[in-house]
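Asker: Predicted coordinates and the sequence they were generated for:
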Amino acid sequence: MAVCPKVSIITPTYNHERFIAQCIESVLAQSYPYWEQIIIDDGSTDRTAEIVARYSDDRITYTRQENRGIWQLGKIYNDALMRSKGQFIAILEGDDFWPPHKLERQMKAFEESNADISWGRGALTDSKGNITSYRPDDISQFLGISRHGMLRNLLFHNPITACTVICKKSALDAIGGFKQPEFVPYVDRPTWLEMGLRGGFLAIDDILGYYRIHEHQVTSVMRLAMFKAGKHTADFFSSLPQDTREAIAGPGCSPEILQAKLAESYYYFGRASLVERRWSVANENFRKAFACSDLGIKVKVVAGLLCSMLEMDMEWIAEMVNSPRIDS
């Protein structure tokens, strides 16, 4: 009888006493039993440790460490990766949860595919676990998409909900583990971009994870950091060889057009740097945006350059033209 591959589930958690029980129980309910769950507690000050201790399954390990915070998230993930014993890696943060068929559905899909990353639709929920929306709404455009086509999508927005992902550990090891570039308060999109340069993506039209939206998560409390994070995708694309940029751009979208769209990322990084009073950094990124943007954004970029020289932010201009501020 063939030995079924093991899935190592990486579960970083911090002050998730309201959610960690549902997270663990959704793993215990999996119809695919060959897994281990590696819970890394980043110094929780609530009852998270007490709640995790209620579960005595040998497949669950719990480690508590001194708080490192969001800017050390990559190290937390990679510490768990080093401890993992499975051939596949899944992500399930302590405030998210899974449907019971998740692992079985994806492991069967891997048997018929040589992709490095499998993912599906994510159900977004409120703090009580009630579904509010889905990401993506329609996954059909990603079914059978080429590796370069998926990379093109990842550059502009991330359609992949992390809790739906299972990937090959060998593919993660090949890129040196999870990636968290400077100024980026997450590891998922930078990691998928790096992996996508080597292997393919397998989209599955099924709900494969529940992503909880609540007031304490990164996207809720680090608005400015999220604006700054977009710069990484622009740097990533700019650093690629010309032939790879052309392949990612694809028919009807030249590398120049793609680069112009990515100029928005430099522009918003510049705006965020103005808010933080980092005038020279703002100026540098506005210049990058100017060099690769069209006339429409050049007007905004010039305003940013003037603000960086006058040492003032741009948010008052945004307010004047009824555009959302990025500092609130």
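Answerer: Done, it's in.

Asker: Using neighbour counts, pick out the buried residues of stretch 245-257.
Answerer: Within stretch 245-257, the residues scored as buried using 16 or more other Cβ atoms under 10 Å are Arg245, Ala247, Ile248, Ala249, Pro255. For every residue, glycine as well, the C-beta is placed using N, CA and C.

Asker: Do you know the pLDDT at the last one?
Answerer: According to the per-residue confidence, Pro255 scores 69 in pLDDT.

Asker: for the first one, same thing?
Answerer: At Arg245, the predicted lDDT confidence score is 88.

Asker: Among the buried residues of stretch 245-257, list the two that are farthest apart in space.
Answerer: Maximum pairwise distance among those (Cβ to Cβ): 9.5 Å, between Ala247 and Pro255.

Asker: Just checking, which helix or strand of this structure averages the lowest pLDDT?
Answerer: helix 218-221 (a mean of 52; mean pLDDT, DSSP states H and E).

Asker: how about the strands in the stretch 101-250 of the chain?
Answerer: For the stretch 101-250 of the chain, applying DSSP state E, counting those that start in this stretch gives strands covering 117-125, 131-135, 166-168, 201-212.

Asker: how about these, which one is nearest Asp41?
Answerer: Asp41 sits nearest to strand 201-212 of all the strands of the stretch 101-250 of the chain, at 17.6 Å, using Cβ to Cβ.

Asker: The closest one: which residues count as buried?
Answerer: Of the residues in strand 201-212, Phe201, Leu202, Ala203, Ile204, Ile207, Leu208, Gly209, Tyr210, Tyr211, Arg212 count as buried by neighbour count, 16+ other Cβ under 10 Å.

Asker: quick one: the second one from Asn158, how far?
Answerer: Separation of Leu202 from Asn158 (Cβ to Cβ, to the nearest Å) stands at 16 Å.

Asker: the helices in the stretch 101-250 of the chain, which residues?
Answerer: Using DSSP state H, counting those that start in this stretch, the helices of the stretch 101-250 of the chain run over residues 102-111, 147-156, 169-174, 188-196, 218-221, 223-229, 231-238, 242-249.

Asker: Show residues contacting the last one.
Answerer: The set of residues that contact helix 242-249 without belonging to it, under Cβ atoms under 8 Å, 6 or more residues apart in numbering, is His148, Leu151, Arg152, Leu155, Leu197, Phe237, Leu240, Pro255, Ile257, Leu258, Gln259.

Asker: What is the nearest of these to Thr63?
Answerer: Once Cβ to Cβ is applied, the member of these that ends up nearest Thr63 is Leu197, at 31.4 Å.

Asker: quick one, what contacts the closest one?
Answerer: Going by Cβ under 8 Å, 6+ apart, Leu197 touches Leu151, Leu240, Thr244.

Asker: List only buried entries from those.
Answerer: Buried residues within these, counting neighbours by 16+ other Cβ under 10 Å: Leu151, Leu240.

Asker: For Pro136, which of the helices of the stretch 101-250 of the chain is the nearest?
Answerer: Each of the helices of the stretch 101-250 of the chain has some distance to Pro136 by Cβ to Cβ; the shortest is helix 147-156, at 9.5 Å.

Asker: got the contact list for that closest one?
Answerer: Residues outside helix 147-156 that contact it (Cβ under 8 Å, 6+ apart): 142, 145, 159-160, 189, 192-193, 196-197, 199-201, 233, 236-237, 247-250, 253, 258, 261-262.
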